[in-house]
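In: No sequence on hand, only this structure:
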């Protein structure tokens, strides 16, 4: 019996898997708000006490870099996680940690078609490299390469690379963010933490917002969720929030295209994380694909790559796959 977990800045999803059933069929799954707990061990202990299923080992993917059995969680105030310390604290024979995007990339290769939403239907090259761009609380990136027998996942921290504007408005956005943050990464404009930045930039540069909507967003416990909901709700009267989502879609398209060129993703481009499934109508609207394919002399190469949004639990499946592997 294996305990697998997807540990993110917003939520932690835990599942128990058996060798017989495999990583696609968990025996039990529960989701917990990460920030409500002092550490991963507290969540795991609560979960195991509720499901009453014995486990001997665990594999967790985490939102942050992993090296030497130690993980720093980028968007959580927890102390660093260590494989040996977690195994001791939880009474398990072994614990493995891997980067969350590495797990997502591995999980995508196991997902059924029902867990994908196609944005750009093209035929993937057999054994072609797969690119993953995942805006959630932060911005994660990863890729998978074919070794002749199976896909091998590779983590990346490309979301912390320098944001490059593609037009004058984005250049103004870059200058505005530099005054506030110094270094401006793609994560600052293309993630859950980035959406309020886009909103505030537009407000400070003269975009109008209905007073009722502005008050709701200002007092919301989760500004990102409030902005997304108002932007998708045509009855909200918030043209500003809709503009935020269009700006976001263009920036996501530009960076997804960058990642696709970097790894030559002829096997497909996959959008994971919590935001893409939530804004599917916006991503289908044209701005995303327009910016994705706007790559100068190499535009035709990117336009030949299939693009899908991941709606299933790729990270959890990937963690379970790695745990059994």
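Out: In hand now; what should we look at? This is a predicted model, so every value here is computed, not measured. Residues are numbered from 1 along each chain as shown.

In: Can you tell me the element the nearest residue to residue 292 once chain neighbours are set aside falls in?
Out: Counting by Cβ to Cβ, 6 or more residues apart in numbering, residue 292 lies nearest to residue 253, which is 4.0 Å off, once chain neighbours are set aside. (Glycine included, C-beta is placed from N, CA and C.) According to DSSP states H and E, residue 253 maps onto helix 239-263.

In: same question, residue 20
Out: Assigned by DSSP H and E, residue 20 belongs to no helix or strand.

In: sorry, back to before: buried ones in the helix holding residue 253?
Out: Of all the residues in helix 239-263, those buried under the rule 16 or more other Cβ atoms under 10 Å are 239-242, 244-260, 263.

In: returning to what we had before: the residue nearest to residue 292: what's it in contact with?
Out: By Cβ atoms under 8 Å, 6 or more residues apart in numbering, the contact list for residue 253 reads 287, 288, 289, 290, 291, 292, 294.

In: please redo it, this time with the cut-off set to 6 Å
Out: 288, 291, 292 (Cβ atoms under 6 Å, 6 or more residues apart in numbering).

In: What about the nearest residue to residue 256 once chain neighbours are set aside, how many residues nearby?
Out: In space, and not counting its chain neighbours, residue 256 is closest to residue 133: 4.7 Å by Cβ to Cβ, 6+ apart. Residue 133 has 30 neighbouring residues, counting by other Cβ atoms under 10 Å.

In: Ramachandran coordinates for residue 133?
Out: phi -120, psi 120 (degrees, to the nearest 10).

In: before we move on, the earlier item: among the contacts of residue 253, which are located in helices?
Out: The helices in this structure, assigned by DSSP state H, contain 288, 291, 292 from the contacts of residue 253.

In: which ones are touching the second one?
Out: Spelled out, it's residue 291. Here residue 291 is in contact with 250, 253, 254 (Cβ under 6 Å, 6+ apart).

In: Tell me the one of those residues nearest residue 190?
Out: Using Cβ to Cβ, residue 254 comes nearest to residue 190 of those, at 8.7 Å.

In: There's contact between that closest one and residue 166 in this structure, I believe.
Out: Yes. At 5.2 Å, residue 254 counts as touching residue 166 under the criterion of Cβ atoms under 6 Å.

In: who touches residue 141 in this structure?
Out: By Cβ under 6 Å, 6+ apart, the residues touching residue 141 are 133, 156, 158, 159, 259.

In: tell me which element residue 224 is part of?
Out: Residue 224 is part of helix 223-232 when elements are defined by DSSP H and E.

In: ditto for residue 215
Out: In this assignment (DSSP H and E), residue 215 forms part of helix 211-219.

In: Mind giving me the packing neighbours of that helix?
Out: Packing contacts for helix 211-219, counted by 3 or more Cβ pairs under 6 Å, 6 or more residues apart in numbering; DSSP states H and E, involve helix 223-232.

In: Name the surrounding residues that touch the helix it packs on.
Out: Contacts of helix 223-232 (Cβ under 6 Å, 6+ apart): 192, 195-196, 199, 213, 217, 220, 236, 238, 241-242, 244-245, 278.

In: quick one: which helix or strand includes the closest residue to residue 27 other than its chain neighbours?
Out: Distances taken as Cβ to Cβ, 6+ apart put residue 16 closest to residue 27, at 4.8 Å, once the chain neighbours are dropped. Element membership for residue 16, per DSSP H and E: strand 11-17.

In: what about the chain, any weak spots by pLDDT?
Out: Nowhere does the chain drop to pLDDT under 70.

In: which residue of it sits farthest from its center?
Out: Computed with Cα atoms, centre = their mean, the residue of the chain farthest from its C-alpha average is residue 211, at 31.9 Å.
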